[in-house]
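Peer 1: What follows is a predicted structure for the sequence shown.
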Amino acid sequence: MTPIAGGAALNLAFGFGILTILTIFFYTRNGDQRLYLTGQRLALGVSFFVFLATFILAYQLIISNFDIDYVARYTSLETPVVYKISALWAGQSGSLLFWLFILSIYATVVILQNQRKHHGLMPWVIISLVIVQMFFLVLTNYVTNPFKATEADFIVANGNGLNPLLQNVTMAIHPPTLYLGFVGFTVPFSFGISALVNRDTSPLWIQSIRRWTLVAWLFLSMGIILGGWWAYRELGWGGYWAWDPVENASFMPWLTATAFVHSIIIQEKKDMLRVWNMVLIILTFTLCIFGTFLTRSGVMSSVHSFTASSLGPIFLAFVFFILIASFGLMYTRMNDLRSTRRMESFTSRESGFLFNNMVFVVMCFSVFWGTLFPVISEAVRGTKITVGPPFFNQINIPIGLILLGLTGVGPLLAWRRTGKKNLIRNFTFPILTGLSSAIVLLIIGYRDYVVISFSLGAFVTATITTEFIRGIRARNKKFKESPFTALKMMVSKNRSRYGGYVVHLGIVFMFIGFTGHAFDKEKEFSLKEGETEHVAGYEFELIQLSESERPNHYAWISDLRVTKQNGEFVTNLHPEKRVYFHRNPDVNRRQPHSELDIYSTLNKDIYSIFSAVDTENGVAFIKIMVNPLVRWVWIGGFILVFGTLIALWPRRDS
Amino acid sequence: MDVIGDYGLILIFFVVAVIFVLQPLLLPYLGKPVVELDINVLKRKKLLLYRQIKELEMEYEIGNINDEDFHSHRALLKQEVSAIITALDSK
C-alpha cells in the first residue's frame, strides 16, 4: 500500500469522527436508539481507519520507502527492523499518530466492553473519547502529517537513520508503555465528564473506572521506571532521574493519578470527596496532554526533545479548552457534587488519604512550577532562568519522605475513626522499629535524610508486615487455615488492599535505592593497555583496546579488568566508544556514542563509560562511577508492578 | 497502478464501513433508550455495601478497630443495605 492510502485513512477517520459526535449528540436529544447504535459503529470506524493508517506507516518504515519524509528522517537501510518499527514513535508526526493509535485501541475496548452497559454514561463517554481523537486527527491530518512526501531539499538515498540513543531495546518499549499510561487516563476522564453531564455523581461511575485507572497508572509507572532504566543504561551520566522537563512531564500526571487512585477508594466506600475526585481526574488528564505538549512542542530543551515544532499554540489551546470546558461543566454541577457525608475524625483512614492527596498535589505543583519557571522567566524578563536538580531535590525530598511516612500510617487507621487504644496498639511496633533503625543508623555514623529515609522505610515495612501477619492470624483463628493457605485466601479475597500493600513495599525498596545516591563516587582518567587506576576501593586495569566494524556503527571496545584492593577478581567490563553512520562521507552526519557497561549487585553498581579514544596513542578515556543500591530501585519497580497486578486481578464476586 | 489499487482498496474499506455504520438505521424503530435501570444501580450499591461490611469484619478480626466502632459502623452499613433491599423488593 502507498502513503496515499495512509493519508486517505486519516481523512476518513476525521470524517467519521465528526459524524460520531453529531449522531450521538442527536441521540442524547431524541433518544432514538438506532442513532446510538450508528454512533457506536461510527466511533469504531474512526478507530479502524486510525489502525489502518498506523499499519500503513509501520509498513512503509519496514520497507524503507524514503519517498515519505518521516521514513527518510528516522530510518536508514541499515536500521534493524525492530528499530524501524520503533521509529514509529521516534519523531513528532509518528508519535502523534501512535498516541492516536493507542487511544483508538482504548476507545474500541471501551465501546465493545460497554455495548450493553452504562446506557446512561456511554453516549457522553464516546463523545469525549472521540473529541480527543479528533484533536489528534486534526494534528496528524493538517499540522504534522506523517505521510508527507519527502521534501526536495531533503533527499537522502540511504535514509537519515534513527538517533543512536533510541537504538536500544528499552527505548523500543519505554515510549509505548508511557503512552499506554498517558492515553489510558482519557478513559476515566471521559467517564468523569459523562457523569457530570448526566448529573450521575454517585460512587457508581467510580466503580466503572477503577480498573481503567489502575491500568493507566500501572503503565504510566512502568513507563517512568523504564525511562529511568534507559537513562541510566544509555545516557552515560550515571543517574536515572535528572528532573528533566520531559521526565517531569510524565511525573506530574503520575502524582495526581496516584492521589486519584487513593481518593476514589473513599468515594467508592464512603461517597465522599466527589468534587476532589473530579478535580483530580481533570488535572491528571490535562497534565497528560500537557506532558505531550512539553515533549512535542519544542517549548523546552532537553535530552528528550529531539524535535522542535510549531505545535505549541494548538496544544496549549486544547489544554485550555479541556480546563475551561471541564471545570465550567463542574461548576454548573456543584449542587450534584455535594457529598452527604463528612469526615468524622482526624484519626481516620479517610483523613489519612485526604492528607496524602494534599501532599501529592503540593508535590505536583512544585514540579510544575520548577518545570515551567524557565519558560515563565523567559516570557516575563526575557532571560531564561533554569531551575536545576538542586531546586527539585530541596523541595521534593522532604515531601517524598512525608509521603513515604504516610504510606505506613494509612493502613494503620480505621475507617471513620481509630480509637485511642487501637491507635497505640497499631502504631507501637512500627514506630519502635522505625526508631530503633534510626538509632542504629546514627550510631553507625549516618546523618540527615539518609537516616530519615531508611528508618521511615523500616517503619513502613513493619506496618505492612504487621498487616499481613494479623490478617493471617485472624484467618488461622477463624478458619483453622495453614499460614500459606490463609495468606493465599486473604490476598485473593482482598486483592486491592493487599495488592496496595505490595505496591507500598515496592515504594520502600525504591526509596532505599534513591537514598543510595548519597554515597555515589566517581572518577575520570585515561589508560593505556596494561595501566591501572583505583576508584572507591577497586582497581581497574585496561587489558585490551580493540576495534570492530558492525552493520550500523564502528566501535572501539575497552576490556577493563576490575579487582578489589586485595587482588580478588570482581568482573570484566567492556564499555565501548561507537560512531554511528560511520560510512557517511559527510563527517558532520556521523554520530559518536558511548555504550557503557555496568556490573550490578544488590549492594552497588560499578558503572563504566568509555568517554573518548586517542587512536594514535592507544589511550582510552574512562569514567568510573560506583553507585550504591541502584538495583533496589529496579527491584522496587518490579514489586510495584506485581502489587498493581494483584490489585487489578478481577474479584470473584464481580 | 499502485495508486489506483490503493484508492480501490480504501474505497472498498470505506463502502464496507458505511454499510456497517448505516445498518442500524435500517432497523425498525427501537423505542426510547433503556437508561441504566434503577434496579441495576441498586444491585451495584448493594454489592458495594456487602464488600464494605466484609472489609469491616476483617478490620475487626485483625484488631484494627474496637468493639464499639465495629458494632456501630456495621449497624449503619446494615441499615443502608436493608433500605436497598426494601427498595429492590418494591420494584
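Peer 2: Alright, I've got the coordinates.

Peer 1: I'd say A:Phe454 and A:Leu441 touch.
Peer 2: Yes - A:Phe454 lies in contact with A:Leu441 (CB atoms under 8 Å); the separation is 5.7 Å. Yep, even glycine has a C-beta here, placed from its N, CA and C like the rest.

Peer 1: Can you classify A:Trp237 by secondary structure?
Peer 2: At A:Trp237 the chain is in coil, as set by DSSP: H, G, I helix; E, B strand; the rest coil.

Peer 1: Tell me the predicted confidence for it.
Peer 2: Looking at A:Trp237, its pLDDT reads 87.

Peer 1: ok, how many other residues are close to it?
Peer 2: Neighbour count of A:Trp237, defined by other CB atoms under 10 Å in any protein chain shown: 16.

Peer 1: for chain B, which spans come out with low pLDDT?
Peer 2: Scanning chain B for pLDDT under 70 picks out B:1-4, B:30, B:32-38, B:91.

Peer 1: in chain A, which spans are strands?
Peer 2: A:521-527, A:532-535, A:538-550, A:553-564, A:569-573, A:576-580, A:591-595, A:597-600, A:604-614, A:619-628 (DSSP state E).

Peer 1: gap between A:Tyr179 and chain B?
Peer 2: For A:Tyr179, the distance to chain B equals 26 Å [CB to the nearest CB, to the nearest Å].

Peer 1: make that A:Arg651, sorry
Peer 2: 8 Å.

Peer 1: can you pull the contacts of that residue?
Peer 2: A:Arg651 sits next to A:Arg495 when contact means CB atoms under 8 Å, 6 or more residues apart in numbering or on different chains.

Peer 1: if we go to 6 Å?
Peer 2: Taking CB atoms under 6 Å, 6 or more residues apart in numbering or on different chains, we find A:Arg651 in contact with no residue.

Peer 1: What pLDDT does the model give it?
Peer 2: pLDDT for A:Arg651: 70.

Peer 1: which residues does A:Ala242 contact?
Peer 2: So A:Ala242 contacts nothing (CB under 6 Å, 6+ apart).

Peer 1: and if we set it to 8 Å?
Peer 2: Here A:Ala242 is in contact with A:231, A:389 (CB under 8 Å, 6+ apart).

Peer 1: what separates it from chain B, distance-wise?
Peer 2: Distance of A:Ala242 to chain B, computed by CB to the nearest CB: 41 Å.

Peer 1: just to revisit the earlier point, can you list the strands of chain A in JSON lines and add distance to chain B and mean pLDDT?
Peer 2: Output for the strands of chain A, formatted as JSON lines (distance: least, CB to the nearest CB, whole Å; pLDDT from 0 to 100):
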{"stretch": "strand A:521-527", "distance to chain B": "45", "mean pLDDT": "95"}
{"stretch": "strand A:532-535", "distance to chain B": "50", "mean pLDDT": "95"}
{"stretch": "strand A:538-550", "distance to chain B": "35", "mean pLDDT": "94"}
{"stretch": "strand A:553-564", "distance to chain B": "34", "mean pLDDT": "95"}
{"stretch": "strand A:569-573", "distance to chain B": "47", "mean pLDDT": "97"}
{"stretch": "strand A:576-580", "distance to chain B": "33", "mean pLDDT": "91"}
{"stretch": "strand A:591-595", "distance to chain B": "34", "mean pLDDT": "88"}
{"stretch": "strand A:597-600", "distance to chain B": "39", "mean pLDDT": "96"}
{"stretch": "strand A:604-614", "distance to chain B": "39", "mean pLDDT": "95"}
{"stretch": "strand A:619-628", "distance to chain B": "37", "mean pLDDT": "96"}
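
Peer 1: of all these, which lies closest to A:Lys117?
Peer 2: strand A:597-600 (47.4 Å; CB to CB).

Peer 1: in the closest one, what's buried?
Peer 2: For strand A:597-600, the neighbour count (16 or more other CB atoms under 10 Å in any protein chain shown) marks A:597-599 as buried.

Peer 1: Now do it: distance to the chain's middle.
Peer 2: 24 Å (CA atoms, centre = their mean, to the nearest Å).

Peer 1: So which elements touch it?
Peer 2: Using 3 or more CB pairs under 8 Å, 6 or more residues apart in numbering or on different chains; DSSP states H and E as the contact criterion, the elements in contact with strand A:597-600 are strand A:569-573, strand A:604-614.

Peer 1: That strand pairs with which strands?
Peer 2: Here strand A:597-600 is paired, per DSSP bridges, with strand A:604-614 (antiparallel).

Peer 1: can I get the CA coordinates of the partner strand in PDB?
Peer 2: Extracted C-alpha coordinates of strand A:604-614, given in PDB (Å, rounded to 0.1, in the frame of the first residue of the first chain):
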ATOM      1  CA  LYS A 604      26.300  -1.400  44.400                       C
ATOM      2  CA  ASP A 605      26.800  -0.800  40.700                       C
ATOM      3  CA  ILE A 606      30.200  -0.300  39.000                       C
ATOM      4  CA  TYR A 607      29.300   1.900  36.100                       C
ATOM      5  CA  SER A 608      31.900   2.400  33.300                       C
ATOM      6  CA  ILE A 609      31.800   4.900  30.500                       C
ATOM      7  CA  PHE A 610      34.300   5.000  27.600                       C
ATOM      8  CA  SER A 611      34.200   8.800  27.100                       C
ATOM      9  CA  ALA A 612      36.800   9.200  24.300                       C
ATOM     10  CA  VAL A 613      39.600   7.400  22.400                       C
ATOM     11  CA  ASP A 614      43.000   8.500  21.200                       C
END
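
Peer 1: for A:Trp217, what are its contacts?
Peer 2: Counting by CB under 8 Å, 6+ apart, A:Trp217 touches A:181, A:254, A:257-258, A:261, A:644.

Peer 1: pLDDT at it, what is it?
Peer 2: Taking A:Trp217 on its own, its pLDDT is 98.

Peer 1: Setting aside sequence neighbours, what's the nearest residue to A:Trp254?
Peer 2: Spatially, and ignoring its direct neighbours in sequence, A:Trp254 is nearest to A:Leu220 (5.3 Å; CB to CB, 6 or more residues apart in numbering or on different chains).

Peer 1: Can you verify my assumption that that neighbour contacts A:Pro253?
Peer 2: Yes - counting by CB under 8 Å, A:Leu220 does reach A:Pro253; the two are 6.7 Å apart.

Peer 1: Please identify every residue contacting each of those two.
Peer 2: A:181-182, A:185.

Peer 1: Give me the below-cutoff pLDDT ranges for the stretch 151-300 of chain A.
Peer 2: Along the stretch 151-300 of chain A, segments meeting pLDDT under 70 span A:152-157, A:298, A:300.

Peer 1: which parts of it sit against chain B?
Peer 2: A:202-204, A:207, A:268-269 (CB under 8 Å from any CB of the partner chain).

Peer 1: again with the stretch 301-450 of chain A
Peer 2: Residues of the stretch 301-450 of chain A found near chain B (CB under 8 Å from any CB) are A:412, A:414-419, A:421-422, A:425-426.

Peer 1: could the buried residues of strand A:597-600 go into JSON lines alongside distance to A:Tyr36?
Peer 2: Shown next, in JSON lines, are the buried residues of strand A:597-600 (distance: CB to CB, whole Å):
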{"residue": "A:Asp597", "distance to A:Tyr36": "59"}
{"residue": "A:Ile598", "distance to A:Tyr36": "56"}
{"residue": "A:Tyr599", "distance to A:Tyr36": "61"}
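
Peer 1: residues in contact with A:Glu531?
Peer 2: With contact taken as CB under 8 Å, 6+ apart, A:Glu531 is in contact with A:541-542.

Peer 1: and A:Leu22, how many residues sit next to it?
Peer 2: Neighbour count of A:Leu22, defined by other CB under 10 Å: 14.
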